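Q: What follows is a predicted structure for the sequence shown.
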Amino acid sequence: MTPQKPRTPPPRGHYTEALRLEPRFSDAHNGLGGALLAQERIGEAIAHFEEAVRLEPGFLAARHNLAAALAQEGRTDEAVRQLEAALTIDPADETARRGLEILRGRKQKE
């Protein structure tokens, strides 16, 4: 059996087209944010993750992505708030819990 190659996200154009057709499509905002983040266009990625969360506050993957992008920009307090919000939505969210541990450890070192 041959190992599968990791799936790559669709090109940005697919997300852009989806948003042209349905601007309130939170999944497309999250996907476009991920594509932009992969290109190190962090500010633009944050804007799309924020829109995904605004449109669908319970969208945990978008909150995780927003927190990661904010942390990359050094906006640790904002990233922590996003992960805390994720835990409020789902107290069993291990991704948010691990992210908080990492970010809080980083703040203690500062």
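A: Arrived safely, thanks for sending. All figures in this text were calculated on a predicted structure; none of them were measured in a lab.
Q: Sticking with the residue nearest the centre of the chain, tell me its helix or strand.
A: With distances taken as Cα atoms, centre = their mean, the residue of the chain nearest its centroid is Asn65 (1.3 Å). Assigned by DSSP states H and E, Asn65 belongs to helix 60-72.
Q: ok now the helix or strand that that helix is followed by, how far from the chain's centre?
A: Next in sequence after helix 60-72, counting helices and strands by DSSP H and E, comes helix 76-89. Remark: helix 76-89 is offset 12 Å from the chain centroid, using Cα atoms, centre = their mean, to the nearest Å.
Q: could you give the angle of helix 76-89 to helix 60-72?
A: Interaxial angle, helix 76-89 versus helix 60-72 (axes from the mean of the first three to the mean of the last three Cα atoms, to 10 degrees): 160 degrees.
Q: can you list contacts of the helix holding Asn65?
A: Applying Cβ atoms under 8 Å, 6 or more residues apart in numbering, the external contacts of helix 60-72 come out as 26, 29-30, 33-34, 37, 42, 45-46, 49-50, 52-53, 56, 76, 78-80, 82-83, 85-86, 89-90, 93, 95-96, 99, 103. All C-beta spots, glycine's among them, are computed from the backbone N, C-alpha and C.
Q: Are any of those buried, and if so which?
A: In terms of neighbour count (16 or more other Cβ atoms under 10 Å), the buried residues within those are 26, 29-30, 33-34, 37, 42, 45-46, 49-50, 52-53, 56, 76, 79-80, 82-83, 85-86, 93, 95-96, 99, 103.
Q: ranges for the helices of this protein?
A: Applying DSSP state H to the chain gives helices spanning 12-21, 26-38, 42-55, 60-72, 76-89, 94-109.
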